[in-house]
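> sequence and predicted model, in that order:
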Amino acid sequence: MLYQAYIIQNRQKSNSYLKNYVIKLIKVLIKVGLSMLSKETYLKEVASGLALLSKEVTILNAVSLYDINIVAEDFFPGLLNLVYGYKLENANYLEKNAPAIDLFDKINKIAIQVTSDNSGKKINHTIEEFNEREYYKIYDRLVILILTQKKRYTTEFNTDGKFVFDKARDIWDVEDIMKDIRELNTEQIKEISSYLSAELCDKCHEVKKTQASEIDTIIDLIEYISRHRNVKKSQDTEIDPEYKIYKRFREFADKLIMEYTTLFTIYGEALDVVNDTLGIDEAQDIIIMFYLQDISVQFLDEAEDDPVVALNRLVAYFAEKLSINGKKYDRAAIKFYLVNEMIKCRVFPNERSEYGDSK
């Protein structure tokens, strides 16, 4: 009886120990699982933020709007400091448009150029300027951070033996940074996620409070044009988009087509909403056409028949006129509206006299 009692007692103790062990193991597994879940969640947030920035840079650069690059120069020091433990600062705070480098860390002796230009020519130019300024005496390493996507470079970049530049190691893009972030622990990734939220998402939200949407931009632009209907002279024009793009402006055709197709994917739907909302009648449409023909011809003459230059100046002109009330307008939306009107031959119209001679 005593032996049986001993066996039962030990079995109970064993079961109790096993039960406690299993409970502890389950808690550990839950904790690990939650940690992994949190890490993946933060990684997704970081990846989304960086992908959004890279996409924004690509789109805006495609239509010759480069303000986002300046924003990126302010954003990346904080991000790279969190990821790599650097002490980077924005070089433009010390010298406006500092050549060769945008970010610098004199403690870790690293300099970084932030650019949306992924060409080998740009990298070579940066290295040349780095040497001319003798930055290699201050910094041991030059990194080219490409905001869009780097290429597979076959060129061997020449540093004249002044410093070591390894194209595999020293040319970065957002994907490279993301790979390094993946190797960090959960708390570090969480901190990076919070930084992205504050520097990108929250600031974008604040900007949107004072910045018109693409629909508001196009509506206000049309209303501005309708109010300023002073036309110096009527144009005798011919509607022929193919002639305009492929013959009249053939040197600029690729650029104009790229801008239109890029912008259409973003703003095409907004323009449909605007047209449905405003319901522009025929009389108002004629007023808009005459105004656009008149002002665009003036800008084209000033740009010596360069439609790309004239178009960019028109965008700047309308953005300035609309922003008198302090509100910021979507310059890319303005550009899309004007490019769309150009395709319809209402901006840079084909004057009938020249059209007839060229046919």
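Cool, the structure landed.
> which ones are touching Ile280?
Contact partners of Ile280, counting by Cβ atoms under 8 Å, 6 or more residues apart in numbering, are Ile222, Ile288. Quick note: C-beta positions are derived from backbone N, CA and C, even for glycine.
> again, only using 10 Å
Listed by Cβ atoms under 10 Å, 6 or more residues apart in numbering, the contact partners of Ile280 are Ile222, Ser226, Val274, Ile286, Ile287, Ile288.
> quick check: the second one touching Leu278?
Yes: using Cβ atoms under 10 Å, Ser226 and Leu278 qualify as a contacting pair, with a distance of 9.5 Å.
> overlap in contacts of these two?
Counting by Cβ under 10 Å, 6+ apart, the residues touching both Ser226 and Leu278 are Gln284.
> picking that back up, neighbour-wise, which one of the contacts of Ile280 leads?
Of all those, Val274 has the most neighbours under the rule other Cβ atoms under 10 Å, reaching 21 neighbours.
> for Gln284, see how far away it is.
The span separating Val274 from Gln284 equals 13 Å under the rule Cβ to Cβ, to the nearest Å.
> pull the most distant pair out of the contacts of Ile280.
When Cβ to Cβ is used, the two most widely separated members of those are Val274 and Ile286, lying 18.0 Å apart.
> quick revisit: now, the contacts of Ile280 that are in helices?
The members of the contacts of Ile280 that map onto helices under DSSP state H are Ile222, Ser226, Val274, Ile286, Ile287, Ile288.
> which residues does the second one contact?
Residues touching Ser226, when contacts are defined by Cβ under 10 Å, 6+ apart, comprise Leu278, Ile280, Gln284, Asp285, Ile287, Ile288, Tyr291.
> just those residues now: which is nearest Lys137?
Taking those together and measuring to Lys137 by Cβ to Cβ, the closest member is Tyr291, at 57.7 Å.
> could you report the pLDDT at the closest one?
The predicted structure scores Tyr291 at 88 on the pLDDT scale.
> does it really touch His228, like I thought?
Yes: under the criterion of Cβ under 10 Å, Tyr291 lies in contact with His228, with a separation of 6.8 Å.
> would you map the helices across this structure?
When assigned using DSSP H, the helices of the chain occupy the ranges 2-62, 67-84, 120-132, 167-170, 174-182, 186-196, 203-210, 214-227, 241-243, 253-278, 282-302, 307-322, 331-343, 352-358.
> contacts for the third one next, please.
It refers to helix 120-132. Residues external to helix 120-132 that are found in contact with it (Cβ under 10 Å, 6+ apart): 98-102, 111, 113, 115-117, 119, 135-136, 139, 142, 144, 146, 150-151, 153-155, 157-163, 165, 167, 170-171.
> buried ones only from the residues you listed, please, as a PyMOL command.
Filtering the contacts of helix 120-132 down to the buried ones (16 or more other Cβ atoms under 10 Å) takes a single PyMOL command:
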select buried, resi 98+99+100+101+102+111+113+115+116+117+135+136+139+142+144+146+150+157+163+165+167+170+171
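> any regions of this structure where pLDDT drops low?
Residues of the chain meeting the criterion pLDDT under 70: 1-37, 52, 54-73, 93-98, 200-212, 229-235, 325, 353-359.
> between Val274 and Gln284, what contacts are shared?
Contacts common to Val274 and Gln284, judged by Cβ under 10 Å, 6+ apart, are Ile222.
> give the contact list for Pro241.
Residues in contact with Pro241 (Cβ under 10 Å, 6+ apart) are Met342, Ile343, Lys344, Cys345, Asn350.
> from Ile245, how far out is the residue nearest to the fourth one when sequence neighbours are not counted?
When you say that, I think you mean Cys345. What sits nearest to Cys345 in space, not counting adjacent residues and going by Cβ to Cβ, 6 or more residues apart in numbering, is Ile239, at 4.4 Å. As defined by Cβ to Cβ, Ile239 lies at a distance of 13 Å from Ile245.
> and the two? which has more neighbours close in?
The neighbour comparison of Ile239 against Ile245 (other Cβ under 10 Å) goes to Ile245, with 19 against 12.
> the more buried one contacts Ile343, doesn't it?
Yes: counting by Cβ under 10 Å, Ile245 does reach Ile343; the two are 7.8 Å apart.
> list the residues that contact both of these two?
Common contacts of Ile245 and Ile343, defined by Cβ under 10 Å, 6+ apart, comprise Leu256, Ile257, Tyr260.
> which ones are touching the second one?
The contact partners of Ile257, by Cβ under 10 Å, 6+ apart, come to Ile245, Tyr246, Val339, Ile343.
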